[in-house]
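Novice: Based on what follows, work out the 3D shape:
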Amino acid sequence: MKVVVIGGTGLIGSKLVGKLNEHGHEAVPAAPNTGVNTLTGEGLDEVLQGASVVVDVSNSPSFEDDAVMEFFRTSTANLLKAEADAGVNHHVALSVVGTERLQDSGYFRAKQAQEELIKDSGIPYSIVHATQFFEFMKGIAAAATDGDTVRLAPAKIQPICSDDVAATVGRTAVGTPVNGVVEVAGPDTFQLDELIRKGLAAKNDPRTVVTDPHAPYFDAVLQETTLLPGSGANIAETRFTDWLAQQQ
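Specialist: Numbers count the residues shown, from 1 in each chain. The predicted model follows:
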């Protein structure tokens, strides 16, 4: 089948395109650098011709509250309209475990708005909720850094390798729409502060991680289980310690 991957040149998108093509599907990467812009609508009608499935793994170039809301609302609305016109019969979107519990954050409010547009579109859909990628630990640390101190809550987190996320999104894309949410998480549970401490130590990063239950996570205050998936989540195989060892 023809699968158009919005954000198909990024971290997850490029892996997803490769996996789908390996399994005999026609996976087409769609991004501004391939002539497709969901914000303006440029190239959408052309790339969606003959597509059975659209997978949206794109992300906002800015995490500023108004900009990220504008990105997800506008790009998702443009994409869903073009899909309806093209007769696409499965919309798959990648989102984040705990999105509905992180609404103090402008980014997660925007992701929630994206999900609501998808649910209300009338197009059969599947939303994949993934936990935080191993590759995002650097960004989480940076956002929590003040000088030489990284201030993080001891909330539980079950991070996942981006390869495993791409595999789950791929399986979801070629399957039957669930008209709901599929959760996927890594195999091990950590405390967020402990996880970042391990990651920084492995990189010989001199910053000190301070445990602070009130430390915000992208403007949202975390409870112990805010970032954890539910009991029915798919559990990936790659362990953080194994992935970390491969980065050396």
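
Novice: any idea of the mean pLDDT in the helix or strand harbouring Asp164?
Specialist: Using DSSP states H and E, Asp164 falls within helix 162-173. Helix 162-173 comes out with an average pLDDT of 97.

Novice: CA atoms only for that helix, dumped as PDB, please.
Specialist: Output in PDB follows, covering the C-alpha atoms of helix 162-173 (Å, rounded to 0.1, in the frame of the first residue of the first chain):
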ATOM      1  CA  SER A 162      13.200   5.600  18.700                       C
ATOM      2  CA  ASP A 163      13.700   2.400  16.600                       C
ATOM      3  CA  ASP A 164      11.000   0.700  18.700                       C
ATOM      4  CA  VAL A 165       8.700   3.600  18.300                       C
ATOM      5  CA  ALA A 166       9.100   3.500  14.500                       C
ATOM      6  CA  ALA A 167       8.400  -0.200  14.500                       C
ATOM      7  CA  THR A 168       5.200   0.200  16.500                       C
ATOM      8  CA  VAL A 169       4.000   3.100  14.300                       C
ATOM      9  CA  GLY A 170       4.700   1.000  11.200                       C
ATOM     10  CA  ARG A 171       2.700  -2.000  12.500                       C
ATOM     11  CA  THR A 172      -0.100   0.300  13.400                       C
ATOM     12  CA  ALA A 173      -0.100   2.000  10.000                       C
END
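
Novice: Contacts for that helix, please.
Specialist: 3, 11-12, 15-16, 19-20, 23, 53, 55, 57, 90, 92, 94, 126, 128, 130, 133-135, 178, 182, 184, 186, 234, 236-238 (Cβ atoms under 8 Å, 6 or more residues apart in numbering). Yep, even glycine has a C-beta here, placed from its N, CA and C like the rest.

Novice: so where's the longest helix in the chain?
Specialist: Once the chain is assigned using DSSP state H, the helix that runs over the most residues is helix 65-86.

Novice: Please state the offset of that one from the chain centre?
Specialist: Centroid separation for helix 65-86 versus its chain: 16 Å, with Cα atoms, centre = their mean, to the nearest Å.

Novice: quick one on the thing from earlier: how about the helix holding Asp164, which residues are buried there?
Specialist: For helix 162-173, the neighbour count (16 or more other Cβ atoms under 10 Å) marks 162-170, 172-173 as buried.
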